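>>> Got a predicted structure here, sequence first:
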Amino acid sequence: MRRIVILAAVVAAVAACGEKPEPTAGTKAPTEPFTVLLDYVPNADHAGIYAAQAAGLYAKAGLDVKIQAPPDPSAPLKLLQAGRADVAISYEPELMLARDAGADDLVAVGALVNEPLTALMALPAAHVRSPKDLAGKRVGTAGIPYQTAYLKTILAKAGVSGVKETNVGFNLVPAMLSKKVDATLGAFWNVEGVDLQRRGSKPVILRMPDLGVPTYDELILVARHKDLNAAGASRLRRFLQATAAGHRVLQEDPNAGADALVKADKTLDRAQQLAQIQATLPAFFPKDKSRPWGYMEPAEWALYERWMRENKLLTRPPSEAPPLTDEFLPGESVGGAEQGG
């Protein structure tokens, strides 16, 4: 009953703050199509979006939201550029790389996960409790250049040498379990880390900002600046408002996200998804509670971009068009309060 009350209250709030009038009795409000392209298959990182859809929050906001998984993990920003979606979920470093390659029209419009999920991870048998323990050992990575740069930054700060990097693709956990590597960098603490903890493997999990890598928003919502005309801005604001409300539903009851995910993909393990959602919950919201859901800190983005340039991951001069904007977030157009109603 408590959950029903929560959902009803959030739906009412979104309806009150929406930009379209409520329909008169006997009529049905028209909805506008809105396509969201995931970064990967449905998982706990997307729980707030699926919770919003299951609670009817997008429909209340006048949107017919279609959530699509990409054909492969490298496709979302390319498909967004081609106009195949209104919003794509991607990663802060991936957006920076795309813009460096010429996609200056792409802009982050909100953070889905407000901190790095990437972690340095090891099992107890490897005797890795800190970066200093990596000396003379082998670290598996997914072969992603900026994660290789993370490792170099970590080792330089720790004053460690003699570490061998091995590209194991996305087989990070199997590489650790088989002792092909002593540790990995690339697995997420809220996914693989939770999985290993639930298996009783007692992994050592070290997070990037604690190791010298500048903090960043792991997952972001990206749009094309050219689409943010009056009509496009209205749709985006309503989408972000409803998505923020979906995350508040999730905050009150993580089961709402687990149920919605399993309904969307029946191959998912509900208990596993619930554990991952519970672990991720704090990262769905800004650390500064005065900021609205989805807020991206420009100073942090600038520091991360500087780090990318120092590590020669970006080669073009900085674009005059900023890589992020918070102006479409809930309440930002009416003075910064989270609720604009």
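Right, received. Where do you want to start? Numbers count the residues shown, from 1 in each chain.

>>> which residues in this structure form helices?
For the chain, the helices defined by DSSP state H occupy 2-17, 47-54, 57-60, 76-81, 92-100, 145-158, 172-177, 192-198, 230-252, 254-264, 270-280, 298-310.

>>> With Thr31 as the reference, name the closest of those helices.
Comparing these by their distance to Thr31 (CB to CB), the top pick is helix 57-60, with 6.2 Å. Yep, even glycine has a C-beta here, placed from its N, CA and C like the rest.

>>> ok, of the helices of the chain, where does mean pLDDT dip lowest?
Mean pLDDT is lowest for helix 2-17 among the helices of the chain, at a mean of 42.

>>> circling back to that earlier point, looking at the helices of the chain, which one is packed in the most?
helix 47-54 (a mean of 27; mean count of other CB atoms under 10 Å).

>>> For that one, enumerate the helices and strands it packs against.
When contacts are defined as 3 or more CB pairs under 8 Å, 6 or more residues apart in numbering; DSSP states H and E, helix 47-54 packs onto strand 63-68, helix 230-252, helix 254-264, helix 270-280.

>>> now do 10 Å
Contacting helix 47-54 under the criterion 3 or more CB pairs under 10 Å, 6 or more residues apart in numbering; DSSP states H and E are the following elements: helix 2-17, helix 57-60, strand 63-68, strand 106-113, helix 230-252, helix 254-264, helix 270-280.

>>> Same list, those, but as a markdown table with distance to Pro330 please.
Shown next, in a markdown table, are those (distance: least, CB to CB, whole Å):
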| stretch | distance to Pro330 |
| --- | --- |
| helix 2-17 | 8 |
| helix 57-60 | 12 |
| strand 63-68 | 14 |
| strand 106-113 | 9 |
| helix 230-252 | 5 |
| helix 254-264 | 19 |
| helix 270-280 | 20 |
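
>>> So which of those is nearest Pro145?
Of all these, strand 106-113 comes closest under CB to CB, at 19.0 Å.

>>> Report the angle between the closest one and helix 270-280.
Computed by axes from the mean of the first three to the mean of the last three CA atoms, to 10 degrees, the angle separating strand 106-113 from helix 270-280 equals 110 degrees.

>>> Now strand 106-113: buried residues?
106-113 (16 or more other CB atoms under 10 Å).

>>> what's near enough to touch Ala88?
35-39, 68, 70, 75-81, 94-95, 106, 220-224 (CB atoms under 10 Å, 6 or more residues apart in numbering).

>>> how about TSV for the helices of the chain, with distance to Met208 added?
Output for the helices of the chain, formatted as TSV (distance: least, CB to CB, whole Å):
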stretch	distance to Met208
helix 2-17	33
helix 47-54	22
helix 57-60	32
helix 76-81	22
helix 92-100	11
helix 145-158	6
helix 172-177	15
helix 192-198	13
helix 230-252	23
helix 254-264	25
helix 270-280	16
helix 298-310	11
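
>>> what's the closest of the ones you listed to Lys289?
The nearest among these, by CB to CB, is helix 230-252 at 12.1 Å.

>>> So which residue is smack in the middle of the chain?
Leu219 (2.3 Å; CA atoms, centre = their mean).

>>> Now do the contacts for that one.
38-40, 45-46, 89-92, 94, 110-115, 117, 283-284.
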